[in-house]
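[1] Show me the folded form of this:
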Amino acid sequence: MVKERSLIRNTAVVGAGTFLSRITGLIREILVSSMFGASWVTDVFFVAYTIPNLLRRLFAEGALSTSVIPVFSQYSEKSHEESQKFIYSIFTGLTMVVSVVCMIGMTFSPWIVEMVGVGFRSEPDKIQMAINMTRIMFPFLLIISWSALVMGILNTLHIFSWSAIAPVFFNAGTILTLLLLRAYAGPYSLAIGVLVGGVGQFVIQLYPFYKKGYVLRFFRKFWHDPGFREVIRLMLPVTLALAVGQLNTLVDRIIASTCQEGAVSALYYADRLLELPLGIFGIALSTAILPSLSQLVFKNNPQEWNNTFTQGIRLVLFIMIPVTSYLAIFRNEAIRLIYERGMFDAVATQMTAQSLLFYVPGLVFFSMNHVITKAFYSLKDTVTPVRISVIMVGINVILDLILVRYLGFSGLALATALVAVFNCIWLFFSLKRKHAFYEKDRTFYSWLVKIVILNLIFIGLCWGILPVVQNLQSTLSLLAFFGISLIIFSLIYVLLSQLMGLKEGKSIWSFMLRKLVGKG
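    Purely as a prediction, here's the structure:
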C-alpha cells in the first residue's frame with residue numbers, strides 16, 4: 001500500500017528541492033529586474049526565450065520525463081542490463097531528434113521572432129537583438145533534454161532529491177553569468193546565462209545516475225528497442241498536449257506585446273511568482289505521485305491506485321487553497337519585497353501585482369491539473385488530455401481577445417486562470433467516465449465543507465493584519481513579516497485542521513514532528 005505518509009514524504013523531498021530552486025530563481029529574477037527592470041530589454045529577452053522554453057517543456061521536462069517513467073517502471077522490475085539498453089536507446093533517439101530541432105530553430109530564428117514579437121516589427125533593433133538571443137539559447141534545449149531523461153530515470157527509482165535541486169544549479173549558473181559577463185556582453189548575458197545554467201542542471205544529476213550503475217551512451221540500433229517505441233507512442237500525444245497548452249503562453253505573449261510597454265514583463269514576473277508555490281506543492285506532488293501510480297497500474301492494483309490518487313487530490317486542496325488566499329491578500333507586499341529595487345519601480349510593481357491578482361484564482365486548478373494529468377499518464381492514456389487541451393486553447397484565445405479589451409494585459413492573466421478551471425473540470429469528468437481505476441470519493445463533499453470553513457477562518461486572519469502589513473516600508477520589515485507569518489499561519493492552519501478532524505493536518509503534523517524533533 002502506498003500510504004499517505006509516503007506520499008507526503010516524497011512530496012516534501014521534491015518540494016524542499018523545488019523551494020530551493022524557486023528561491024534561487026527569485027534571486028535570479030531580482031537580479032534581472034534590478035539590472036534591466038520591466039523594460040524593452042527584458043521584453044525582448046522574454047520573447048526570445050519563449051520558443052526555446054516552450055520546446056523545453058515539450059521535449060524535455062514535459063513529454064519526455066512523463067513518458068519515460070511508466071515504461072522504465074516496467075524495466076526496473078527486470079534486469080539491469082535491459083534497463084541500461086533502454087536508456088541507451090532513449091538517449092540516442094532523443095539526441096538525434098532534438099539536435100535537428102535546434103538546428104532548424106537557429107536557422108529560422110528571424111521568422112520565429114517575427115511571429116512571437118508582433119509588437120516589435122516596427123523596431124529593427126529589438127528584432128535583431130531577439131534573433132541573436134534566440135540563436136544563442138536554442139542549444140539549451142538539447143542540454144535540458146538530457147537532464148530531463150536522467151530526471152525521469154531517477155524519479156522512477158524514487159530518487160527525487162537530486163532532480164529537485166538540479167534547477168538550483170541552473171539558477172546559480174545564470175546568476176554567475178550575469179554578474180561576470182553583464183559588463184562585457186550587456187543584455188546578451190541573459191541568453192548566455194541560460195546555456196551555462198542548463199549545463200549545471202544536467203551535470204549535477206549525473207552523480208546519483210552513475211552511482212546506480214547507469215551510463216549515457218549512443219546505441220546504433222536504438223529503434224529496435226520495444227521500450228523506445230513505447231516511449232515514442234506515449235510521448236507523441238503528450239508532446240501535442242503540451243504544445244497545444246503552450247500555445248496559451250504564446251498567444252498571451254503575442255497579445256501582450258501589443259499592449260503598453262512592460263506588459264510582457266509584468267505578466268512574466270507575476271507568473272514566476274505564482275510558480276513558487278505551484279512548484280513547491282502542486283508540481284512536487286504530481287512528480288512524487290506518478291511513479292507510485294504507474295507501479296500500481298503495472299501491478300494491477302486499482303484500489304491502491306484510487307487511494308493514492310484521492311490522497312493526492314486532497315493534499316492539493318488542503319495546501320493550495322490557503323496558499324492562494326495568502327498570495328492574493330499580500331500580493332503587493334510580496335512583489336515589493338521581491339522585485340522593487342533598481343530599475344523595477346512602483347509602476348512596475350503595480351502592473352505586476354495587478355497581473356498576479358488575476359492569475360492567482362487559477363493556482364488551485366493549475367495544481368489539480370498536474371495531478372489529474374499524471375493519473376491519465378500512469379494509465380498510459382496520453383490521448384485524452386490532448387483532446388481537452390486543444391479545446392482549452394480555443395477557449396483561451398476567445399477569452400484573451402474579449403478580456404484584454406476590458407482589463408488590458410491583466411485580462412490575459414484572468415483568461416489563463418479561467419481556462420485552468422475549465423480544464424480541471426473536464427479532466428475530472430473524463431477520468432471518471434473512461435477509466436475503471438478511478439472511483440468517486442464518497443466522503444469528498446463533507447470533507448470539502450470542513451476545508452471551506454477552515455479557510456474562511458484563515459482568510460479572516462490574513463485580512464485582519466493586512467492594514468498593519470501595508471504600512472511596512474523597509475525590505476527588512478517585509479522580509480521579517482513573510483518569514484514569521486508563513487511559519488505562524490502554517491502552524492495555526494495545521495492545528496485548526498486537526499481540531500476539525502482533517503487527517504491531512506494530522507499527517508503533516510506527524511511528519512513535521514518526526515523531522516524536527518524525532519517524534520510522531
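
[2] Run the chain-centre distance for stretch 141-151.
    Counting by Cα atoms, centre = their mean, to the nearest Å, stretch 141-151 is centred 16 Å from the centre of its parent chain.

[3] Over to stretch 153-161?
    Per Cα atoms, centre = their mean, the centroid offset for stretch 153-161 relative to its chain is 18 Å.

[4] quick one: contacts of that stretch?
    By Cβ atoms under 8 Å, 6 or more residues apart in numbering, the residues outside stretch 153-161 that reach it are 10, 13-14, 16-17, 65, 68-69, 72-73, 76, 87, 162-163, 205, 208-209, 212, 214, 287-288, 290-291, 294. Quick note: C-beta positions are derived from backbone N, CA and C, even for glycine.

[5] From those residues, keep the buried residues only.
    10, 13-14, 16-17, 65, 68-69, 72-73, 76, 87, 162-163, 205, 208-209, 214, 287-288, 290-291, 294 (16 or more other Cβ atoms under 10 Å).

[6] what separates the residue lying closest to residue 181 once chain neighbours are set aside from residue 321, distance-wise?
    Spatial nearest neighbour of residue 181, chain neighbours left out: residue 189 (4.2 Å); criterion: Cβ to Cβ, 6 or more residues apart in numbering. As judged by Cβ to Cβ, to the nearest Å, residue 189 and residue 321 stand 40 Å apart.

[7] likewise residue 139?
    41 Å.

[8] Please name the residues that touch residue 40.
    Contacts of residue 40 (Cβ under 8 Å, 6+ apart): 126, 261.

[9] per-residue confidence at it?
    Turning to residue 40, the model gives it a pLDDT of 73.

[10] next one: residue 119
    Reading off the model, residue 119 has pLDDT 67.

[11] same question, residue 132
    Note on residue 132: pLDDT of 90.

[12] Might one say that it is in contact with residue 186?
    No: judged on Cβ atoms under 8 Å, residue 132 makes no contact with residue 186 at a distance of 11.2 Å.

[13] now the helices for the stretch 301-450 of the chain?
    Ranges of helices in the stretch 301-450 of the chain, per DSSP state H, counting those that start in this stretch, are 302-329, 331-338, 346-359, 363-378, 384-407, 410-434, 444-470.

[14] which of the ones you listed is buried the deepest?
    helix 363-378 (a mean of 25; mean count of other Cβ atoms under 10 Å).

[15] That one packs against which elements?
    In terms of contacts (3 or more Cβ pairs under 8 Å, 6 or more residues apart in numbering; DSSP states H and E), helix 363-378 is packed against helix 63-75, helix 263-277, helix 284-298, helix 302-329, helix 384-407, helix 410-434.

[16] how far off helix 284-298 does that helix point, in degrees?
    20 degrees (axes from the mean of the first three to the mean of the last three Cα atoms, to 10 degrees).

[17] and helix 363-378, how far from the chain's centre?
    11 Å.

[18] could I have that helix exported to CSV, CA atoms only?
    C-alpha atoms of helix 363-378 as CSV (Å, rounded to 0.1, in the frame of the first residue of the first chain):
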residue,chain,number,x,y,z
LEU,A,363,-3.5,28.4,-8.7
VAL,A,364,-5.5,25.6,-7.1
PHE,A,365,-6.7,24.4,-10.5
PHE,A,366,-3.2,24.5,-12.0
SER,A,367,-2.1,22.2,-9.3
MET,A,368,-5.1,19.9,-9.7
ASN,A,369,-4.5,19.7,-13.4
HIS,A,370,-0.9,18.4,-12.9
VAL,A,371,-2.1,15.6,-10.6
ILE,A,372,-5.1,14.6,-12.7
THR,A,373,-3.0,14.6,-15.9
LYS,A,374,-0.4,12.4,-14.2
ALA,A,375,-3.2,10.0,-13.3
PHE,A,376,-4.0,9.7,-17.0
TYR,A,377,-0.4,9.2,-17.9
SER,A,378,0.0,6.4,-15.3
